[in-house]
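Asks: got a predicted model here, sequence first, then my questions.
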Amino acid sequence: MGPLIFKRAAMAALAASLCACAAGPNFKRPAPPAATGYGVADAASASTTTSGVEAGDPSQHFVSGLDIPAEWWTLFQSPQLNALISAALRANPDVGAAQAALRQAHELYKAQVGSFLPAVQGDFSATRAKNPAITLANPTVAPNPIYSLYTAQLQLSYAPDVFGGTRRAVELAKAQAEQSRFELEATYLTLTSNVVVTAIQEASLRGQIEATLRLTELQHEMTGILEQQHVLGTASDLDVLAQQAAEAQTAATLPPLQKQLGQTRDALTALLGRLPNEEPEQTFRFEDLTLPSELPVSIPARLIEQRPDVRQAEDALHAASAADGVALANLLPQFSITGDLGSSALALRQLFTPYTGFWEVGANLSQVLFQGGTLVHRHRAADAALDQAAAQYRAAVILACQNVADTLRALQADADAARASATALRAAQKTFDLAEQQRKLGAISMVAVMNAEQSLLQTRLAVVQAQANRYADTAGLFQALGGGWWNRIGEPRYEQFGPAGK
């Protein structure tokens, strides 16, 4: 009879909790932005084009609504870059930390789901005691005041979710797990973007160093020519000193570039999860990279679905909404059901024999009447946290749209700079070619040819910088649009350090 009563009571409580409404607000996803563009003229038009810097760089055009591949960096068509990013995803410790945080959040969510079910605990106790026979009656029927007592029992406790506090707590844990998921996606996106941009910076620095080295050689040759002319009396001291100063100024620009290249290599090594002495063997030049010709542009309503930081902010808002429900449920009456079922005997062999069994079923209702306003103020704090999360979500949406708008403007400016640099480069190259022809005819001096080559090299420096901006801003657009994580099959695996440091 006892177990049947206990079972019926538990089933009734479970049914009552499932039929009850959850306290607090029901979360609704914020409405997407109504804007259809980013305020950049013709930025989202498929007809918008940008000219290449050189013949090796294709023209680019924006394609509204073009989907982004999961491995968007492969659009640069560099096997070396692809290999580095794969290595970074496997070994960067930030990825390992984010993956561990996601596992933790998922396990906490599963643990919270368990609160829907009753808790059953097994207990066994053995007691040896002596009863004060003169002052107290013997608790056993035996005349001996020394006795043993053995008890084996199952204890059950269950808190019916009458007002939905448990459901809100599970909802909170699930939203926090989703936050961790998008935090991991943001880590992937940041890491891959940083590797691409660092590789582009290395290519830029190598191009600048190459042009600067040739400039330094030219300046040194010109200094030697002027010194010879000074000996012959055809050049003044002022001419020689001015040229020596120009040579020193050009030489002074080389060490900072070499320093930046070294630091860039160190940064790339760190992104791979390695120490500085484990520098990767891959090096990068613009000849090893291909500029993507089609650039995607997503409308703001689609953008907020793609950006991991916006999705993370949305899940933070969801978690704050659920936490508000938990705080409200704590203000309401709390219900609990308890039950014991077991056997108690004076001898171990007598356990579970007739007349040794016992059972108990109980129900409890409690309501805080006075606690100094603690629960009320906690609920108000949860309301304020919900308002804060809503404002932070809106800030994340605004920032995402701003990032895309900034990148579109940058790409348009890069296109203008690319055209200007290409025009200047063609003019400088024609000037140098003409100077060489005239030198062969004896019409101009060698110094004039060197000056023409110097102008050509300086123009190439500007071209390299324009290329770097164009490549980096192209990578920035893919990052600003979310990076294509929704098209990925399977998760990158962090392999350098396993769970628990294995």
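Replies: Happy to help now that I have it. The shown structure was predicted, so the numbers you read here are calculated from the model rather than taken from an experiment.

Asks: what about the strands in this protein?
Replies: 49-50, 60-64, 119-130, 146-158, 294-297, 334-345, 357-366 (DSSP state E).

Asks: what segments of the stretch 101-250 of the chain are helices?
Replies: Here the stretch 101-250 of the chain has its helices, by DSSP state H, counting those that start in this stretch, at 165-232, 237-252.

Asks: before we move on, back to that, between the strands of the chain, which gets nearest to E202?
Replies: With C-beta to C-beta as the criterion, E202 lies closest to strand 60-64 of the strands of the chain, at 22.0 Å. Every C-beta, even on glycine, is put in place using the N, C-alpha and C of the backbone.

Asks: next, the buried residues of that closest one.
Replies: Q60, F62, S64 (16 or more other C-beta atoms under 10 Å).

Asks: let me know the pLDDT of the second one.
Replies: Read it as F62. The model reports F62 with a pLDDT of 92.

Asks: shaky segments in the stretch 151-300 of the chain?
Replies: For the stretch 151-300 of the chain, no stretch has pLDDT under 70.

Asks: was I right about S157 contacting L117?
Replies: No. S157 lies out of contact with L117 (C-beta atoms under 8 Å); the separation is 10.9 Å.

Asks: the more surrounded of these two?
Replies: Neighbours per residue, other C-beta atoms under 10 Å: of S157 and L117, the larger number sits with S157, 14 against 9.

Asks: what number of residues lie near P255?
Replies: 9.

Asks: so which of the strands of the chain is nearest E185?
Replies: strand 294-297 (17.7 Å).

Asks: given that closest one, what are its sheet partners and their directions?
Replies: Counting by DSSP bridges, the strands paired with strand 294-297 are strand 60-64 (parallel).

Asks: what's the closest residue to E185 other than its chain neighbours in contact with, if anything?
Replies: Spatially, and ignoring its direct neighbours in sequence, E185 is nearest to P308 (3.9 Å; C-beta to C-beta, 6 or more residues apart in numbering). Applying C-beta atoms under 8 Å, 6 or more residues apart in numbering, one finds that P308 lies in contact with F182, E183, E185, A186, L189, G482, G483, W485.

Asks: of those residues, which is the nearest to Q429?
Replies: Among these, G483 lies closest to Q429 (C-beta to C-beta), at 38.3 Å.

Asks: quick one, phi psi at that closest one?
Replies: phi 80, psi 0 (degrees, to the nearest 10).

Asks: which non-adjacent residue is nearest it?
Replies: Using C-beta to C-beta, 6+ apart, the closest residue to G483 is L189 (4.2 Å).

Asks: now for the one you found, how many residues are close by?
Replies: 22.

Asks: show me the contacts for it.
Replies: P308, Q479, G482, G483, W485.

Asks: cutoff 7 Å now
Replies: Shown in contact with L189 (C-beta atoms under 7 Å, 6 or more residues apart in numbering): P308, Q479, G483, W485.

Asks: having no further points to raise, I will conclude here.
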